[in-house]
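[1] 3D, please:
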Amino acid sequence: MKIQKGHRKGIFNWFTILMVIIIGYFAVILVKQQIYLNQVSVDQAAAEERLSAAKAEHEKLVKEKDDLNRLDYIEKIAREELGMTRKGELPYSAGKSVGSR
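    Residues are numbered from 1 along each chain as shown. Have a look, this model is predicted:
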């Protein structure tokens, strides 16, 4: 009877060691998956931020495109950016003062 108890104890140790290894393996896999999911979440937040910025830029460009069909907007752009004037008008330029060089 003594031999069977000792033999039974040896099997229990191997079983315990095997279970610890299996549980450890699955724990490592679980941690790696959680790290990966956290990285995916960060990437998704960054992508959503870029998407919202792109949508805002798109809306701005659509508005500008619509404005370019209006004559008053075209005139405003021509006056501000190109310095154009109507016939008989004098252009105004806020340049350097005479005394400062």
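[2] now for the helix or strand containing residue 77, which elements pack on it?
    Using DSSP states H and E, residue 77 sits in helix 71-82. Of the remaining helices and strands, none touches helix 71-82 by 3 or more CB pairs under 8 Å, 6 or more residues apart in numbering; DSSP states H and E. To be clear about C-beta, it is placed using only N, CA and C from the backbone, and glycine gets the same treatment.
[3] And the helices in the protein?
    2-67, 71-82 (DSSP state H).
[4] re earlier: what's the angle from the helix holding residue 77 to helix 2-67?
    100 degrees (axes from the mean of the first three to the mean of the last three CA atoms, to 10 degrees).
[5] contact partners of helix 71-82?
    The contact list for helix 71-82 (CB atoms under 8 Å, 6 or more residues apart in numbering) reads 67-68, 84-85.
[6] Residue 89 is nearest to which of the helices of the chain?
    helix 71-82 (9.4 Å; CB to CB).
[7] Let's see the closest one as CSV, backbone CA atoms only.
    Taking C-alpha atoms only, helix 71-82 is exported to CSV below (Å, rounded to 0.1, in the frame of the first residue of the first chain):
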residue,chain,number,x,y,z
LEU,A,71,-20.4,86.9,-58.5
ASP,A,72,-20.1,88.9,-55.3
TYR,A,73,-17.7,86.3,-53.8
ILE,A,74,-15.6,86.2,-57.0
GLU,A,75,-15.4,90.0,-56.8
LYS,A,76,-14.3,89.9,-53.2
ILE,A,77,-11.6,87.4,-53.9
ALA,A,78,-10.4,89.4,-56.9
ARG,A,79,-10.2,92.5,-54.8
GLU,A,80,-8.5,90.9,-51.7
GLU,A,81,-6.1,88.4,-53.3
LEU,A,82,-5.4,89.9,-56.7
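[8] quick one: buried residues of it?
    Judged by neighbour count (16 or more other CB atoms under 10 Å), helix 71-82 contains no buried residues.
[9] so for it, what's the average pLDDT?
    Mean pLDDT, computed over helix 71-82, is 85.
[10] just stretch 85-99 next, same as before
    Mean predicted lDDT for stretch 85-99 stands at 69.
[11] export the contacts of helix 71-82 to CSV and tack on neighbour count and distance to residue 29?
    Below are the contacts of helix 71-82 laid out as CSV (neighbours: other CB atoms under 10 Å; distance: CB to CB, whole Å):
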residue, neighbour count, distance to residue 29
67, 13, 57
68, 10, 57
84, 12, 69
85, 12, 74
